[in-house]
Structure formats: structure tokens, C-alpha cells
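following is a predicted model, sequence given first.
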Amino acid sequence: MGEIVLELEGLTKKYENKAVVDHISLKIEEGEIFGLLGPNGAGKSTTMNMVCSLVKPTAGKIELFGYDTKTDMKKVKSKIGYIPQELAIHGNLKAWENVELFTSLYGIKGDELKKAVTEALEFVGLNDKRNGFVKNFSGGMKRRLNIACAIGHKPKLLIFDEPTVGIDPQSRNFILEKIKTANKHGATVIYTSHYMEEIEAICTRIAIMDNGKIVAIGTKDELVEMVTSDKNSNMTLEEVFLTLTGKKLRDYAEGEL
Amino acid sequence: MPFILIKNNLKLMLRSKWILVMMTLLPVITILLLSNAFKEMMDTAYKIEPFEVGYHLSEGSAYTDIIPQLAQICKENNVTLQEYKDADTTALLQSKMVAVFVEVTDNSYVIYQSNDKKTEAAITESIFSTFFYQVNDTMTGMSNQAQNGLAKLPSSDVEVIHEVLATDPVPSSTDYYGIIYIVYFAWCGMISLTAVISSERKSAISKRMRISHMSKSSYYIGKLIPCAMATLLETCVAWLLSVLLLDIHWGNILASFGILILTSIAASAFGMVLFQLFKNAAISIVTGFILIWIAGFLGGSFQTYIYANTPQRLVHLSPLYYINRTVVEFSTKGYSDYAGKCILYLVSIIVICGIAGILMMDREMGESA
């Protein structure tokens, strides 16, 4: 068993007495690609925001690399690379300037910074476009740059919050391949999405969230076993997901979460 | 010091073309328009066209012999003294044959004026009162000396000392508005911040900032310094353009530049507070511009502070009054007694807004749902 990278214990977040994350507990080990799957409004992004200390939990405990984030978040910040759902890049800066800016926030300077910028851009296949202004980039290029900005400081834990929203299949495939490459190079990955095929393609373990709770957790095979006793079943992850979360529409108006 | 954050935020500000155009060309256009619009008003206030003063001297007056000297002094002040015997004063004034009429007796004189010639009447009164005061003073002294056997009273040729009073030199309307509007637009420098803030708020950049190692004060400095630098750079370009195109005289350039550096920092710190307070770029800009307009209104940006009708207590509340007065006096005199107060005011704004800004960073870097 590898080192525990992330441990959640009874993690809860309430807005106006409505629990959007409801007492969830899980452990993620070093080297995993852990998928957090759930319909819109399941609480995936809120959970990741709490892990990154962007949102304060109402109750529960978060430990990153053995440190309690409530008291020791500063000690683990440089070990996290967070790729938010929204693009977090300046359109009026060049690609390399964006990566340089966000990498420098972790105290990296001089030649080391230049090297880190080039490596991050090469990793996402944008080094030849390094001098291009981001406002002129396509949606897929922006998504890739969004990733480059989070990996320049070489974090040990990469948190992807729906990184493939609104991009073409080629870019999506490229990003998924790169996530697998990063994992091979030693990074632990948490990947949240509601795209089943993406989770199925890259994740070693999956947690299914619904209404703020984890309804199932395990490998894909373990999840299938939870919903059917047929050992030769060819159930897809989507069928497992729908069985566990139901077929009711999950449309949330703004302010409901 | 977050140098790379400062560098990139400065790039964002300077790459915003419409802000650059506004901050460099608008001051020059405003100076051109306002200096022309107020040229006549300022010239009327500062330059009096030559005019004629009519006078009547009572018969056998003791002053008869010294009138030529008075006429000479009047001439030096572009005033022609013309005697009118048995003239109708009202008719003379109404017909504009004279601007002012003076009735001189042995021990007094009366000045007649029309309502539209108040300034000319005041000048006449000033010349006459100075002249007669000095004549009477001299004659009294000579009389005392004569009684003591020390001197003989002259029959004529009373010597009169002509003194020119020291007054603050007045700038031309082009110089005045040319200087004032460079300062005014430097205060609008907060608009440079919109390039960074709108880019940050359009995307999830603040999330990246909050998750990184950066402290609140670094985040604050990372915006304040580039904003001040961009404002100063834009102000200098506008300054240079105004000097080259409109021939504006700044006098003590080095001291004025020092004031503009402090102004740029103060304006940026003030803008930062507004952006943090309202968390909405449009409301912050509108509020900032209204406050700057009020400060400018009180401080001489529209109506010159030299002839302002605004209550002095209110005028002295405006930081722009001290800055305007200081840089205008640097232009006209080369120094200003207001420089100390101006620097104190600007440093106070920087310190107060700086502390408030860093404290308010808690909100900027705080939790988002």
C-alpha cells in the first residue's frame, strides 16, 4: 500500500443548512488516478474546492500528504496542482507569460523558472505556440495551457476539475493521454467529471457521488459487482452510474448549490 | 517582491490599447479645449487694457503741481489721466469717454465708476491712494524738518516713490490647464487596474492565486506597483505631448516629476481600495471618477483655484488643491510654499489606502462558494 496522499473524514459543506457535501470519507493513495464521478450538482467541485482550501468545510477533516489542511495548508500548497473547471489564464498575455506567472507564484525563479516553463509547455504540446497571445488560441489550446499553468511547479498531486468541458475529441484525447503520462511520471491524479468514458478510460479507482454523498467507491469491476451479481456482465460505467444514481434529471438553478 | 507578477500585470495594463489612448491623448485634447475656452476669461482677469481716467481738480488745490507726476505714474500703468473742467461726470462715464472719473479736492478725492468698470476703478484707487499717501507723508516730514530748521519746503517737485508690490505671478490659461489636467488624469490612473481585474474576474485566476504560496501583501503589491508604473508612464507621455504640442511651461521639472510620482502611487492605492470595496469594475470606476471630479472641482481643475468662489474650508479638503497649487507654482515661481502640505497629503493617502487595501485583501483572497 502506497503513501496516503489524500484522506477525507466526514467532510461536510452546508449552504443555508442544505448539505451539498454530506459526510464523505475516502482515502487516495500515491500513484492512483482517482475518478470522482457524479451528475451536475453532486458536490464534486465543492469537494475539490475544500481539498484545495478554496472553500471552508462546515465539518470534517482533510489530510493532504499527512498534513491537516486546516492548520498546515501552507506546507502542502506547492505539492498541489489545481486545474479549475473554468479557464484560469490571462487572454492578453502570451502562453509562456501565463505559465511563467503561475509557476513563479510557488517561488521558482531564474533559469529554473525558464526551464519549468518550457517543460510545462512542451508537456501540453504548446511550446511552438509559446509566443502566441492566449486570446487568439482555440478552446482546446486554452484548456491545454490551463493545465500547463498548474504543472510548472511539478506538483505531486494533480486535481483536474472537469478539464475537458467544451473541447474537441482530439484535444480531449490529448489531455487524457497527458494525464496518464503525468501519472506514469509519479503524479497522483484526482479527476472529476461527468463524462463516463473519460473516467472509465483513465481512472484506476472511481467514487460515484450523488446529492453530496459517495454512493459507491472502487475499481470499475468492483462497481459493476455492486449492481449486478452476473460475473460475465458487460455493463458499462454509464449503466452502473445510472443504476446507482437513478435516471431523474439533475438540473439545478443558480443558487441551489 | 513578486517581480514576475508585477511585470505581467504591467504588461496587461500596457497592452490595453483603449486605456493607453485615453490616458495619453485625452489629457492633451482636454488641455487644448479648456485652455482655449478659458483663455478669454483668464486674460480678462489678468490683463487690463489701457484705459482713461478723467479728473477734476478744485481751483487752487495744493495738489496742482504734483498732478504731472501722478499722470506719469498712471501712464506707467497704462492709464491715461485726462483733466475735465466743468464736466458732467455721469455723461462722461455713460459715453465711455473715460473708464473712471476722480474728483480731487484739497483733502479728499472721490472716485466715480460704472458697474462694468470695477476693476479699472480698483486700479485707479490703488494708484491714487498710494500716490497721495506718499505725497502727504513726504510733505508732513518736510514740514516737521522745516519747523526744526533742518530743511526748506520745496515749492514744487514733491518726490514720490513708486513701489511695485510683489504678487504671485499668474500662469497663462494654456500653462494652467496644461499642468492641471496632467495631474487630473494621473488621478484617473486607477482605470489601468481594470485591465488586470477584469481579466482576473473573467476567469478563475483568483483561485490559482489563492491556492499558491503568494501572500496577501504580495498580491496587493503585485497590482499596486504596476498600476502606479503604468499611470506614471501614461502621464509622462501625456506630459511630453502637451509640452511638445502646446508649449506648456512646467518650470521646476524635477520637483514636478516627484509630485507626479507620488500622485501616481496615491491614485493607484486609492483605486485599489475602490476596486476591493465594490468588487465591481464599473461601479468602482464611476465612484472613483465622481470623487476625483469633486476633488478637482474644489481643487481648481475646472474653475481656477486662483479665482474660485468655493468656500476655502472645502477647497482645503481637496488633495488636488495642494497638488495643483504646488505644480502651478513650480511653473510660475520655481518653488511652492504648498509643496510640503502636498507631499504630506499624498503620503497620507498612500499609507491609509495601502493599509486599507491590504486589510481588504482578506475579502479578495477569501472563500468563494
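Cool, got the structure.

let me know the pLDDT of residue B:306.
Residue-level confidence at residue B:306 comes out at 63, pLDDT.

now the one 10 residues further on
Confidence per residue is given as pLDDT, and for residue B:316 that number is 86.

next one: it from residue A:204, what distance?
Residue B:316 is 72 Å from residue A:204, where distance means Cβ to Cβ, to the nearest Å. Quick note: C-beta positions are derived from backbone N, CA and C, even for glycine.

where along chain A do the helices fall?
Along chain A, counting by DSSP state H, helices occupy A:44-51, A:69-76, A:95-104, A:110-123, A:139-151, A:169-184, A:196-202, A:220-227, A:237-245.

nope, the stretch 151-300 of chain B is what I meant
Secondary structure of the stretch 151-300 of chain B (DSSP state H, counting those that start in this stretch): helices at B:173-187, B:193-202, B:205-211, B:216-246, B:253-278, B:281-299.

which residues of the chain score low on pLDDT?
By default, I'm working from chain A. Residue ranges of chain A with pLDDT under 70: A:1, A:231-232, A:247-257.

meant chain B, my bad for not saying
For chain B, residues meeting the criterion pLDDT under 70 lie at B:39-48, B:115, B:139-169, B:305-308, B:363-369.

got the domain boundaries for it?
Domains of chain B are assigned by automatic domain parsing as B:3-42+B:172-364, B:49-147.

highest mean neighbour count out of the ones you listed?
domain B:3-42+B:172-364 (a mean of 20; mean count of other Cβ atoms under 10 Å in any protein chain shown).

that one and chain A, are they touching?
Yes: applying Cβ under 8 Å from any Cβ of the partner chain, one finds domain B:3-42+B:172-364 in contact with chain A at B:4-5, B:8, B:11-12, B:15-16, B:195, B:199-200, B:202-205, B:207-214.

report the central residue of chain A.
Centroid check for chain A by Cα atoms, centre = their mean gives residue A:160 as the closest residue, at 2.2 Å.

would you mind measuring from that residue to chain B?
13 Å (Cβ to the nearest Cβ, to the nearest Å).

doesn't residue A:195 make contact with that residue?
No: judged on Cβ atoms under 8 Å, residue A:160 makes no contact with residue A:195 at a distance of 11.6 Å.

what residue in the stretch 151-300 of chain B comes nearest to chain A?
Nearest to chain A, among the residues of the stretch 151-300 of chain B, is residue B:212, at 3.6 Å (Cβ to the nearest Cβ).

kindly confirm my reading that residue B:91 forms part of a helix.
Yes: per DSSP: H, G, I helix; E, B strand; the rest coil, residue B:91 lies within a helix segment.

where's residue A:103 relative to chain B, distance?
Taking Cβ to the nearest Cβ as the measure, residue A:103 falls 9 Å from chain B.

give the contact list for that residue.
By Cβ atoms under 8 Å, 6 or more residues apart in numbering or on different chains, the residues touching residue A:103 are A:113, A:116, A:117, A:120, A:149, A:152, A:153.

and of these, the nearest to chain B?
Nearest to chain B among the contacts of residue A:103 is residue A:149, at 6.9 Å by Cβ to the nearest Cβ.

for that closest one, grab the count of nearby residues.
30 (other Cβ atoms under 10 Å in any protein chain shown).

so how far is residue A:117 from it?
In terms of Cβ to Cβ, residue A:149 sits 10 Å off from residue A:117.

overlap in contacts, these two.
A:99, A:103.

quick check: residues of the stretch 101-250 of chain A near chain B?
Checking the stretch 101-250 of chain A against chain B by Cβ under 8 Å from any Cβ, the hits are A:101, A:102, A:104, A:105, A:106, A:107, A:113, A:149, A:150.

buried only: go through those for me.
Neighbour-count burial (16 or more other Cβ atoms under 10 Å in any protein chain shown) applied to these gives A:101, A:102, A:104, A:105, A:106, A:113, A:149, A:150.

wait, the fourth one sits on residue B:213?
Yes: the pair residue A:105 / residue B:213 is scored as a contact, 6.2 Å apart, by Cβ under 8 Å.

for residue B:79, phi and psi?
Here is the backbone geometry of residue B:79 (degrees, to the nearest 10): phi -120, psi 130.

list the residues that contact the closest residue to it other than its chain neighbours.
Distance criterion Cβ to Cβ, 6 or more residues apart in numbering or on different chains; nearest residue to residue B:79, sequence neighbours excluded, is residue B:53 at 5.6 Å. Contact partners of residue B:53, counting by Cβ under 8 Å, 6+ apart, are B:74, B:79, B:80, B:81, B:82, B:98, B:99, B:100, B:101, B:102, B:120, B:124.
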